[in-house]
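In: Sequence and computational prediction follow.
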Amino acid sequence: MSDDVLVKVEGVSKKFCRSLKRSMWYGVQDVASELLGRQGGHDQLRKNEFWAVDDVSFELRRGECLGLIGPNGAGKSTLLKMLNGLIKPDKGRITMRGRVGALIELGAGFNPILTARENIYVNGSVLGFTKKEIDRKFDAIVDFAEIEEFIDTPVQSFSSGMKVRLGFAVAAQMEPDILLIDEVLAVGDVGFRMKCFNRILKLKNLGTVIVLVSHSMLDVHRVCSTAAVISPGKFCWFESVSRAVCLYEELSLIPNTVQPRFVASPARVGKVQLFDSLGRPCSEFSTDDDILIGVEVGVEEPIVGARLVISVDSASGPLSSIGSPASGFELRLERPQNLVVFRLHNLPLLVGSYPVSVSLSGEQRTEIFDQVIHAVTINVVGPEPEPFGYGFYHIMKLEHGWNQIFPESVKSGWETNLVKWFQ
Amino acid sequence: MDRPLKETVYTPDSELRHFGRLVRHMGQDLLASRELAWRLFVRNISAQYRQSLLGYVWAFVPPVFTSLIWIFLNSQNVFSIGDTGMPYVVFVITGTVLWQTFVDALNGPLQMVSESKSMLAKINFPREALILAGIGLVLFNFLIRALLLIGVMWWYGVPPQDGLVLAPLGVLALIGLGTMIGVLLTPLGVLYHDIGRGLTVATQALFFLTPVIYPVPKAAFAATLIGLNPVTPLLVSTRDWLTTGKASLLPGFLWVSGGTLALLFAGWILYRIAMPHLISRMSA
């Protein structure tokens, strides 16, 4: 293994069982077969079992940071537990080089009746610190957690946010070679979260390998250099975080689509297709591109005054719906088959996956002829977003401009100066 | 960053295939777990009685209560007990204190593991610490109860004998036997709650099959049964050392102690090997 590879995962798989009773029995079987000294894993699935993690392979070098994203129950935490040595893989091999630190549960071993001071020592010991190390780091921990006044209060009277802060403050003292983080940054207030981030980024700069499980794409972008999408039993590795985010959003949006049924309606939405500005079929775009959406509409008899509505969704909710009359466009559905083109100028969307729905209505408000939910998906895969405040982040790139005003005197105020600027 | 990095490999292969390496890891982890075990022990005793008015008095309550019932029943001649060779009160109280210590040790491992489930499932710490901390707690509670023993023996004028120096050995053997059985049952007990419930029932039955409140019977079928009970030689010998000074069941004591040591090691291996499988079954 080359020297700077700290994490090496080769064809790792893990089974899980859906039924509790069977799971208990399989547990007994597994322990028994291990006592008999079996070699290799059980690679056969028993009844009610499935592969929760299936054939995962990757390598991480010093300073690299992997974001693991995927829907709930996709096996992210299971993979992390295997990396941490808490559970054994059923197939494959994991090699970890160096000290492993895990931010999986904050405040492990906290006893609610004991004071914060006592719990710092308990939690620190659980994480592998000696008493001397904790003595030395005690002030730094209390400082980081910002709980000076409550240091001798039982933690049962702490708010959940305070407990998390205390837990993170202790864990933040670790200086591991490999750091595993599972969804712990989603709690705490903004100020504290930024502190946690700074700590993590500092470790990253020191060369710590980080594996981060998160549902926050912002966090993944901020910390990670590469990302992998885990969906049940599948593992896709990406060099670019943006592509991973895009796939993840697409995966998480698909299952929610139930197509409405319209019986005996006089018009139907047919095939919907995406094209680039030159009219070539295309599915991946960049911010600022022009996009063409082609919609086929079939009618039984000519319809006057019909309306098409294009709706764009995102992983964080609906973004925009645009009715054809909005730009004064008049749909003329005179033939049995009609082709309609919708053009989106200077795509303002940033990296992510944006499903497009198409609906067809009549002249009256209540006349809905047809609707195709998530007919196509606009995948925006570039440019890489910039989550640290030097460029664009989140969903949209808004048209804007900046200027600075140097007034002759403060008294002249905003009005005159603003007017000047606009001229 | 130039220090050599420790390499850890995880595969599905059984750890028993590399027995030497397994034993080395066990030794390393045992050493590494001392600090944490001590911390958990301190946590448990400080938290144990903090939210209570009577505090450490609760360590005395179960043995005192049991003893009082038997003393009362005996004084009323509800049942007849042969010659105990000492005041019955001393006999019963030493018996119940030692019995309680055995039971505490027996329940310790499963209890500690069940209480620490979420920690076990999320953090990789030396698992030996839980067992050690449990033993520490049993020992601590015994020492508190020892104060009660000393008081009672002084009150009834039972003089300390030479054999008293061997009594700690007897207590350790009792704790060892309880821990050994407890550790062996832990993997199954974590998976099936039947074990925990069954243990409570079995302990109650075993109480009557152990010479806690009566002396070792000389004849009858019960004598054979009681003689086969591994707790018998340990408890009786330890009580003898505490009171008369001369252990009456010494060969049995040595046999059971030796067996306990061997099985304790086997239980330790089982505990280690079972842990990853238990964790993957305890939480998705």
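Out: Right, received. Where do you want to start? Remember, it's a predicted structure, so these values are computed and weren't measured experimentally.
In: all helices of chain A, in order?
Out: Taking DSSP state H as the criterion, chain A carries its helices at A:20-35, A:76-83, A:116-126, A:131-145, A:160-171, A:190-205, A:217-223, A:241-253, A:413-422.
In: Oops, could you answer that again for chain B instead?
Out: Counting by DSSP H, chain B forms helices over residues B:19-32, B:34-48, B:57-75, B:88-115, B:117-122, B:128-155, B:167-191, B:193-208, B:220-228, B:231-242, B:250-282, given from the N-terminal end onward.
In: which residue packs closest to residue A:303, ignoring adjacent ones?
Out: With sequence-adjacent residues excluded and distances taken as CB to CB, 6 or more residues apart in numbering or on different chains, residue A:303 is closest to residue A:333, at 4.5 Å. Placement of C-beta: from N, CA and C, glycine included.
In: Roughly how far does that neighbour sit from residue A:214?
Out: Counting by CB to CB, to the nearest Å, the gap from residue A:333 to residue A:214 is 47 Å.
In: coming back round to it: where among the helices of chain A is average confidence lowest?
Out: Summarising mean pLDDT across the helices of chain A, the least confident stretch is helix A:413-422, with a mean of 70.
In: Measure how the worst-scoring helix or strand of chain B on mean pLDDT sits relative to helix B:193-208, angle-wise.
Out: Comparing every helix and strand of chain B by mean pLDDT, DSSP states H and E singles out helix B:220-228 as the least confident one, with a mean of 82. An angle of 120 degrees separates the directions of helix B:220-228 and helix B:193-208 when computed by axes from the mean of the first three to the mean of the last three CA atoms, to 10 degrees.
In: List of residues touching helix B:220-228?
Out: Under the criterion CB atoms under 8 Å, 6 or more residues apart in numbering or on different chains, residues B:209-211, B:216-217, B:232, B:252 lie in contact with helix B:220-228.
In: Just the buried positions in it, please.
Out: Of all the residues in helix B:220-228, those buried under the rule 16 or more other CB atoms under 10 Å in any protein chain shown are residue B:226.
In: How about stretch A:242-262?
Out: Residues A:242-253, A:262 are the ones in stretch A:242-262 that count as buried (16+ other CB under 10 Å).
In: Please produce a markdown table containing the residues you listed, extended by distance to residue A:123.
Out: Shown next, in a markdown table, are the buried residues of stretch A:242-262 (distance: CB to CB, whole Å):
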| residue | distance to residue A:123 |
| --- | --- |
| A:242 | 37 |
| A:243 | 38 |
| A:244 | 33 |
| A:245 | 33 |
| A:246 | 38 |
| A:247 | 37 |
| A:248 | 33 |
| A:249 | 36 |
| A:250 | 40 |
| A:251 | 36 |
| A:252 | 34 |
| A:253 | 39 |
| A:262 | 59 |
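In: Out of these, flag the one nearest to residue A:8.
Out: When those are compared for distance to residue A:8 (CB to CB), residue A:244 comes out closest, at 20.4 Å.
In: what pairs with the nearest residue to that closest one once chain neighbours are set aside across the strands?
Out: When the adjacent residues along the chain are set aside, residue A:244 lies closest to residue A:227, with 3.5 Å between them (CB to CB, 6+ apart). Judged by DSSP bridges, the bridge partners of residue A:227 are residue A:67, residue A:238.
In: From what I see, residue A:227 and residue A:236 are in contact.
Out: No - with contacts defined as CB atoms under 8 Å, residue A:227 does not count as touching residue A:236, sitting 9.4 Å away.
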